[in-house]
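>>> Sequence and predicted structure, then a few things I'm wondering about:
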Amino acid sequence: AKVLEGAKLAKAEHADMILAVGGGSVMDCCKAISLAAVSDGDIWAKYWAKPDVIACEPLPLGIIVTVSGTGSEMNGGAVITNEALKIKTRRDYPKLNAKFAMLDPTYTFSVLKKQMVSGAFDTLSHIMEIYFSEPDEENVSDDIAEALMRGVIRDMRAAIVNPTDYDARSNLMWAATMAENRILKLGKKTDFEAHQIEHQLGAFTGCNHGCGLAVIHPVYYRHICEAGAKKFARFATRVWGIPAAGKDDVTLAHEGVDALVLCLKDALRGVRLPEGNCIEAMAGETLASVAGFARKNGLTGLEFAHGIPGTLGGGVYMNAGAYGGELRQVVRQVTFLHADGRLETFENKDCAFGYRTSVFENMPGVIVSARLALQPGEAATIEAKMRELMEKRRASQPLELPSAGSTFKRPAGHFAGPLIQDAGLKGRGAGGAKV
C-alpha cells in the first residue's frame, strides 16, 4: 500500500529523485516506489510475485541511513509485503541500487535499544545465513564472515552499555553494509531459510524483523546443527571462542547455538535514570547491579535486594524479597511482552503481587523491564545498610559455595529453617549437592 501511495505522489509531483531517510523498510519501500513511479500495471505481479527484467529506468534513489542492520543501502534488494495476500518476499534488482548512500553513526544514537539490537541481529543473521551454506571447506568468504560476526557481537554489547559509543555504532553500520554488499556471498550458495520463515511470519503478524529472526534462528539451528556438526563446531570455536578440548563436534555445535541464545540476553540488560527518583532497568540486569546503581545515584529502598541472586525480571516475576523488603514495595511499572508480540505496561496495582508470586506467573510471555520508585538517600548510609545485610547473609549461608538459591515458599506462620531442621534434612546431601 505504501509503495502505491508513494508512486502516486511521485507521479503527481513529477519527482525526479527519491530520497529514503530511515532504516531497511524505508529503503526497500523507496526502491519499489522508484520503480513503480515509472511503470504501468501491477508492479507486485510483475516484479515481486515473480522475478522479471527491469527494462525501464527507475527514478534515481538516494539513501540516508538512520537505522542500521539490513544493509539495504548497499544493494538493489527490496523486501515488500502484499498486505492483501499476506505475502512478504524479496527481489534483488541491480537497477534499484541507490545512486548514493550516506552513513553517519550519530544519526543512529537516538534509536531505541530494542531497535538497535534488532538491527544488529539482522546483520548477524545475514552473515550466518551465508556462512552456513556450501561450500564448507576453508574459504576466504567464511574467514571474513567469522571476523564480522565477532565484531557484531562485540559492538552490539558495547552499544547496549553505551548507546552513543561512536566506534561501536560505526562498526555496526559498516558490518551491516559488508554483510549485504554482495562481497561476502562470493563463492557461497547462501541459505536464507530463517529469513524465508520470518518473512511470512512478518506478513501475518507485522512483527519486528530482527526480533522474529532472533526467535527463529536458535530453534532452526538446534534442529540442523548435528547434521552440519563440523561447521557448527567451527562456529563455536572461531566465533564464540568456546574451548574445543575434550569435546566432539556435536557437543561443540550445540554449545555454539547456546552461545547465540545467551548473546540475545544482552538485549535485556541496561539501567538508567529516566526521571526524578525512578530507576528503569531491563529484566536481564541482576538485582545486585540494580541495587548498586541505586546506591551510586543516592537512591534508597533497594538495599534488601543487594544479596539476592538472580535477575530483576525473575525477581519481579516472583516478587523477590529478603530482610523485610520486597520488590512490590518499589515497583512502579512493569513492561511485559506477551506471547503474541504485544507490549503492555502494568502499574503496580495490576501486578497482583503476593508472597513470592505475581500476575505474571500465569501469563505467557516475558518481562522486559521495570520502573522502580525509590527515595533520596546518602550513598554512605545506603552502602552501610547493604554491608549489614550482607554480613547477616554470610553468617547464616555458605556464600563461598555454588547455590541454587531458595527453592521453597515459606508457609504462613512458619520459617523454612526450623521446618527443614525438624524434618531431619539439614545437612542432607546427594552427590555434590547439600541442604
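Nice, thanks for sending it over. Residues are numbered from 1 along each chain as shown.

>>> Enumerate the positions of the host helix or strand of residue 144 that are buried.
In the assignment (DSSP states H and E), residue 144 maps to helix 140-161. Within helix 140-161, the residues that count as buried by 16 or more other CB atoms under 10 Å are 141-142, 144-146, 148-149, 151-153, 155-160. In short, each C-beta sits where N, CA and C put it, glycine included.

>>> can you list the residues that contact it?
Helix 140-161 is contacted by residues 113, 116-117, 120-121, 123-124, 127-128, 130-131, 165, 167-169, 171-172, 175, 178-179, 183-188, 238-239, 263, 266-267, 269-270 when judged by CB atoms under 8 Å, 6 or more residues apart in numbering.

>>> same thing with stretch 78-87?
Defining contact as CB under 8 Å, 6+ apart, one finds that stretch 78-87 is touched by 1, 3, 24-25, 27-29, 31-32, 44, 48-49, 72, 88-93, 96, 199-200, 202-204.

>>> if we can go back for a sec, figure out how far the helix holding residue 144 is from the centre of its chain.
Mean C-alpha position of helix 140-161 versus that of the full chain (CA atoms, centre = their mean, to the nearest Å) differs by 15 Å.

>>> and it, average pLDDT?
Helix 140-161 shows a mean pLDDT of 94.

>>> Let me know the angle separating the next helix or strand after it from helix 140-161.
Remark: after helix 140-161, the chain's next helix or strand is helix 166-179, criterion DSSP H and E. Computed with axes from the mean of the first three to the mean of the last three CA atoms, to 10 degrees, the direction of helix 166-179 lies at 150 degrees from that of helix 140-161.

>>> by contact count, what packs against helix 166-179?
Counting contacts by 3 or more CB pairs under 8 Å, 6 or more residues apart in numbering; DSSP states H and E, helix 166-179 packs against strand 100-103, helix 113-131, helix 140-161.

>>> do that again at 6 Å, thanks
Helix 166-179 is packed against helix 113-131, helix 140-161, with contacts defined by 3 or more CB pairs under 6 Å, 6 or more residues apart in numbering; DSSP states H and E.

>>> tilt between the longest one and helix 113-131?
Between the direction of helix 140-161 and that of helix 113-131, the angle (the same axes, to 10 degrees) works out to 170 degrees.

>>> Start at 22, not 1
Sure, I'll start counting at 22 from here, so that last one is helix 161-182.

>>> Any buried residues in stretch 45-59, and which?
Neighbour-count burial for stretch 45-59 flags 45-58 (criterion: 16+ other CB under 10 Å).

>>> as a whole number, average confidence for it?
96.

>>> who touches it?
Outside stretch 45-59, the residues within contact range by CB atoms under 6 Å, 6 or more residues apart in numbering are 23-24, 27-28, 31-32, 39, 41, 64, 77, 79-80, 82, 84, 91, 93, 99-101, 117.

>>> can you rerun that using 7 Å?
Applying CB atoms under 7 Å, 6 or more residues apart in numbering, the external contacts of stretch 45-59 come out as 23-25, 27-28, 31-32, 36, 39, 41, 64, 68, 75, 77-80, 82, 84, 90-91, 93-94, 97, 99-101, 117.

>>> quick one: secondary structure of residue 236?
Three-state assignment for residue 236 (DSSP: H, G, I helix; E, B strand; the rest coil): helix.

>>> how close does it get to residue 282?
Using CB to CB, to the nearest Å, residue 236 is found at 10 Å from residue 282.

>>> before we move on, back to that, got the CA positions of the helix holding residue 165 in CSV?
Only the C-alpha atoms of helix 161-182 are listed here, as CSV (Å, rounded to 0.1, in the frame of the first residue of the first chain):
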residue,chain,number,x,y,z
VAL,A,161,38.1,-16.6,2.3
SER,A,162,34.4,-15.7,2.5
ASP,A,163,33.9,-17.7,5.6
ASP,A,164,37.1,-16.2,7.1
ILE,A,165,35.7,-12.7,6.6
ALA,A,166,32.3,-13.8,7.9
GLU,A,167,33.8,-15.1,11.2
ALA,A,168,35.6,-11.8,11.7
LEU,A,169,32.4,-9.8,11.0
MET,A,170,30.3,-12.0,13.4
ARG,A,171,32.8,-11.5,16.2
GLY,A,172,32.7,-7.7,15.6
VAL,A,173,28.9,-7.5,15.5
ILE,A,174,28.7,-9.4,18.8
ARG,A,175,31.4,-7.2,20.4
ASP,A,176,29.9,-3.9,19.2
MET,A,177,26.3,-4.8,19.9
ARG,A,178,27.3,-5.4,23.5
ALA,A,179,29.2,-2.1,23.6
ALA,A,180,26.3,-0.2,22.2
ILE,A,181,23.9,-1.7,24.7
VAL,A,182,26.1,-0.4,27.5
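
>>> can you tell me which residues contact residue 282?
Each residue near residue 282 by CB under 7 Å, 6+ apart is listed here: residue 239.

>>> now stretch 179-190, how far from the centre of its chain.
Remark: stretch 179-190 is offset 15 Å from the chain centroid, using CA atoms, centre = their mean.

>>> I'd like to know how far the residue nearest to residue 373 when sequence neighbours are not counted sits from residue 386.
Once flanking residues are discounted, residue 373 sits nearest to residue 380: 3.9 Å by CB to CB, 6 or more residues apart in numbering. Distance, residue 380 to residue 386, using CB to CB: 11 Å.

>>> Ok, residue 100 next?
27 Å.

>>> who's more crowded, those two?
residue 100 (23 against 15; other CB atoms under 10 Å).

>>> Now do that one, the pLDDT please.
95.

>>> mind checking the SS state of it?
Per three-state DSSP, the local secondary structure of residue 100 is strand.

>>> beta partners for it?
In this entry, residue 100 is beta-bridged to residue 111, by DSSP bridges.

>>> Tell me which residues are up against stretch 409-423.
Stretch 409-423 has contacts (CB under 7 Å, 6+ apart) with 324-325, 327-328, 344.
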